[in-house]
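>>> predicted model follows, preceded by the sequence.
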Amino acid sequence: MSFEQVLFIIVSLILLASALGAVFARRIMHSALLAVAAFTGVGGIYAILGSHFLAVAQVLIYIGAVAIVLLFAVMLSQQREISGSNPVRKQKLWKNWVTWAAFGVGLVMVLYFTVNLATPTASQEIPLIHTEPATSLEGLSELLFREYLVPFELVSLLLLLVVIGAVVIARKENDPQ
Amino acid sequence: MEYRLLLPELVLAVGILAIILVDLWTAVERKRWTAFGLAALTFGAYLIAVTSLVGVKEVAFAGHLLVDDWSTFFKLFFGITGLLMLLLSFEYVKERALPPAEFLALLIGAYLGISILLGSENLLTLYIGLELISLTSYLLAAFLRQDPLSTEAGLKYFLLGSIASAALLCGISFLYGVTGSLSLIVLAQHLAVAQGMVVTGTILLLSGLLFKLAAVPFQVWAPDALQGAPTPITAFFSVGAKVAVLAFFGRFLALFAGEFAQEINYYFLLIAIASMTIGNLAALRQTNLKRLMAYSSIAHVGYLLVAFVLGTPAAYAALQVYVAVYAAANLGIFAIILWAESQGRGLEIQGFQGLGRVQPLFGLALGVFVFSLVGIPPTGGFMGKLLLFMASVEEAHYLLAVIMVLNGVLSVAYYYRMLRSAFFEEGEWNLQEGDGHALGAVVLVAVVVILFTGVWPGWLQGLTSLPM
């Protein structure tokens, strides 16, 4: 096993553990902090894959901005006793055993197919398209504003619409328009 | 010039921005007229832009946009339903005091997503198009904030929809990882000799798409989401995203070939039969009109999937005729439901009681729509079903044809209850002086389309074409 593989396994384990912790933690504050740890893990995976710009952006945006907003939201909205404040913990999850069983069967099937059928290449006859990943800033901007121009602009519109919708849904009842 | 091909989508994007911006400077009492006027202009311009692309076959923007007659047909279809949606929601927005600009911006956003989805030759654009439709749909479903049912609809749709999106993304990442490309055409080459992760990825991708269709193993969200959503949005859900995803399926499955394609075909056959049967059986017990229509739309998705099982040009043409007629009947029925709702009649099936007496024209129209959905001549629904039926007999799918006919008989039982309520039962109506003109216009257009197609389906068939 190479150094990178070891690193990948360690980072993935941290990522998985903190993601699960974020769902099942007893206090919502802990959930938020564990989500931040999961974001960091994702950044680590980007770095291992050689996308250094993406890793830095992930840290700046998710840990620098999103995490702070998340923590603020938790602190502003939680005025009651904070222990047991994660709504997931209030549900008696073990009672939904049918769901769990179905989920388990599905997971096992996906894993089985993936492991059993996985071959490094899809097929030998068709040549794989291998593009060198753009790691430099110039390369990235070249991609964003040439090849991926349409999806890039669409995402900006999507974000605009979602913000508008969120404001409509969250606005106070008697607010003047 | 490449941008000419993107013109319809650009028109919608400009429309969204214009509606939001102009709203800021408009006096409160003129907001609704301004927003709806701009939206009508947007859809009108969209239709003109799409018409200019008839006959064009091109791939542009590094494969992110594909224009062919298949996508142009559906874009025209959606431009027209967009205009009808405006008529459907015009009075509703006033009655419920919804913010018109935001409502229309989200609605046009959903149409932008649909337009992108129709022209996508690339899994990335597919995903963004789908998310544009889904995220705006969640928000529109929860738009009635005072109504707990609406909030529930939005939340349920959002949670289940996110899981479907996650499955879809997971599938796309598998496919990208193995093939090194997001292009559908490259993917099709790999699918011809499908093995390994390509199979897993494709199954995940198709599951995510089938969820958006509310086809049977993935249908649980549909009744709740459609019942709680504002009624015009329910009408949109029952034709909008579904037809767009069906059109994309058409493009995707047309690229399929080889052994794996036959296997997928077999599953599609099972899903189609299960959708129509379970949709129809569940609809039998519904008393709420919106829930009933939700289950009926699950059943119709089943019929429509039959076209892909057959995969012949005749089946694809039948699909297009069926979709147009189905949408007309559905929008028409929702216009009548909206009118009854605005008269304070509620959304239960009893709300139609006495409709045939107090508003004979709407009663008659309801009869036409119901006949069309069941598939009784001389309505367009009969032609749609007949074309599908003939296509399946041609392919020697006799059992499938029999199941389709049996399901048609089954659906009579619940559609009939609407008619019985409207014509053979008495109800108290306090007719309010109000303008139902906008809704009346939708009903009129729908009736004309249905009867015209029923007598002469050739006009629609002349417009149909196969995916590139």
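Sure, I can see it. Numbers count the residues shown, from 1 in each chain, chains lettered A, B, ... in the order given.

>>> all strands for chain A, in order.
In chain A, no strands are defined using DSSP state E.

>>> then chain B?
Secondary structure of chain B (DSSP E): strands located at B:58-60, B:65-67.

>>> quick check: which of those strands is buried the most?
strand B:65-67 (a mean of 24; mean count of other Cβ atoms under 10 Å in any protein chain shown). All C-beta spots, glycine's among them, are computed from the backbone N, C-alpha and C.

>>> other SSEs contacting it?
Strand B:65-67 makes packing contacts with strand B:58-60 when contacts are defined by 3 or more Cβ pairs under 8 Å, 6 or more residues apart in numbering or on different chains; DSSP states H and E.

>>> and the strand it packs on, average pLDDT?
Mean pLDDT, strand B:58-60: 85.

>>> ok, now stretch B:257-277?
Over the span of stretch B:257-277, the pLDDT mean works out to 86.

>>> circling back to that earlier point, closest to residue A:76 out of the strands of chain B?
Of all the strands of chain B, the one in closest proximity to residue A:76, counting by Cβ to Cβ, is strand B:65-67 (43.0 Å).

>>> check contacts around the closest residue to residue B:208 other than its chain neighbours.
Distance criterion Cβ to Cβ, 6 or more residues apart in numbering or on different chains; nearest residue to residue B:208, sequence neighbours excluded, is residue B:168 at 2.7 Å. For residue B:168, the contacting residues are B:127, B:130, B:204-205, B:207-209, by Cβ atoms under 8 Å, 6 or more residues apart in numbering or on different chains.

>>> got the buried residues for stretch B:279-296?
For stretch B:279-296, a neighbour-count test (16 or more other Cβ atoms under 10 Å in any protein chain shown) marks B:279-280, B:282-283, B:286, B:288-296 as buried.

>>> can you name the residue of chain A nearest to chain B?
At 3.4 Å from chain B, residue A:165 is the closest residue in chain A, using Cβ to the nearest Cβ.

>>> okay, now residue A:165: neighbour count?
Number of residues near residue A:165 (other Cβ atoms under 10 Å in any protein chain shown) recorded here: 23.

>>> for residue B:113, see how far away residue B:59 is.
20 Å (Cβ to Cβ, to the nearest Å).

>>> swap in residue B:362?
Taken as Cβ to Cβ, the span from residue B:362 to residue B:113 is 32 Å.

>>> so what's residue A:136 closest to, chain neighbours aside?
Nearest non-adjacent residue to residue A:136, counting by Cβ to Cβ, 6+ apart: residue A:53, 7.8 Å away.

>>> surely the one you found touches residue A:137?
Yes. The pair residue A:53 / residue A:137 is scored as a contact, 6.1 Å apart, by Cβ atoms under 8 Å.

>>> quick check, pLDDT for the residue nearest the centre of chain A.
Centroid-nearest residue in chain A: residue A:39, 6.9 Å away (criterion: Cα atoms, centre = their mean). Looking at residue A:39, its pLDDT is 91.

>>> how about it: what's its closest non-neighbour residue?
Counting by Cβ to Cβ, 6+ apart, the nearest residue to residue A:39 once its immediate chain neighbours are dropped is residue A:62, at 4.0 Å.

>>> same thing with residue B:112?
Leaving aside its sequence neighbours, residue B:112 sits nearest to residue B:12 (Cβ to Cβ, 6+ apart; 4.3 Å).

>>> what's the separation between that neighbour and residue B:403?
Residue B:12 sits 39 Å away from residue B:403, going by Cβ to Cβ.

>>> and residue A:53 and residue A:137? Which one has more around it.
residue A:53 (14 against 9).

>>> OK, contacts around the closest residue to residue B:149 other than its chain neighbours?
Nearest residue to residue B:149, sequence neighbours excluded (Cβ to Cβ, 6+ apart): residue B:228, at 3.9 Å. The contact partners of residue B:228, by Cβ under 8 Å, 6+ apart, come to B:141, B:147, B:149-154.

>>> buried ones only from those, please, as a PyMOL command.
In PyMOL syntax, the buried subset of the contacts of residue B:228 is picked out as below (16+ other Cβ under 10 Å):
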select buried, chain B and resi 141+150+151+152+153+154
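
>>> low-scoring stretches of the chain, by residue?
Let's take chain A. Residues of chain A that meet the criterion pLDDT under 70 lie in A:78-95, A:114-135, A:172-177.

>>> try chain B instead
By pLDDT under 70, the low-scoring segments of chain B are B:1, B:194-195, B:433-435, B:468.

>>> residue B:6 against residue B:67, yeah?
No. Using Cβ under 8 Å, residue B:6 makes no contact with residue B:67, being 9.0 Å away.

>>> which residues do those two both contact?
Common neighbours of residue B:6 and residue B:67 (Cβ under 8 Å, 6+ apart) are residue B:60.

>>> next one: residue B:211 from residue B:441, what distance?
34 Å.

>>> could you do residue B:213 as well?
Counting by Cβ to Cβ, the gap from residue B:213 to residue B:441 is 29 Å.

>>> which one's more surrounded, those two?
Neighbours were counted for residue B:213 and for residue B:441 using other Cβ under 10 Å; residue B:213 has more, 26 against 16.

>>> before we move on, the earlier item: tell me which of the contacts of residue B:228 is nearest to chain A?
residue B:154 (7.7 Å).

>>> domain boundaries for the chain, per the record?
Assuming you mean chain A. Under the assignment automatic domain parsing, the domains of chain A span A:1-105, A:134-177.

>>> wait, chain B was what I had in mind.
Following automatic domain parsing, chain B resolves into domains at B:1-154+B:224-253, B:258-468.

>>> wait, residue B:366 sits on residue B:355?
Yes. Under the criterion of Cβ under 8 Å, residue B:366 makes contact with residue B:355 at 6.8 Å.

>>> return every residue with contacts to both of the two.
B:336, B:422.

>>> picking that back up, pretty sure the residue of chain A closest to chain B contacts residue B:139?
Yes. Between residue A:165 and residue B:139 there is a contact under Cβ under 8 Å: 3.4 Å.

>>> which residues are in contact with both of the two?
Common contacts of residue A:165 and residue B:139, defined by Cβ under 8 Å, 6+ apart, comprise residue B:106.
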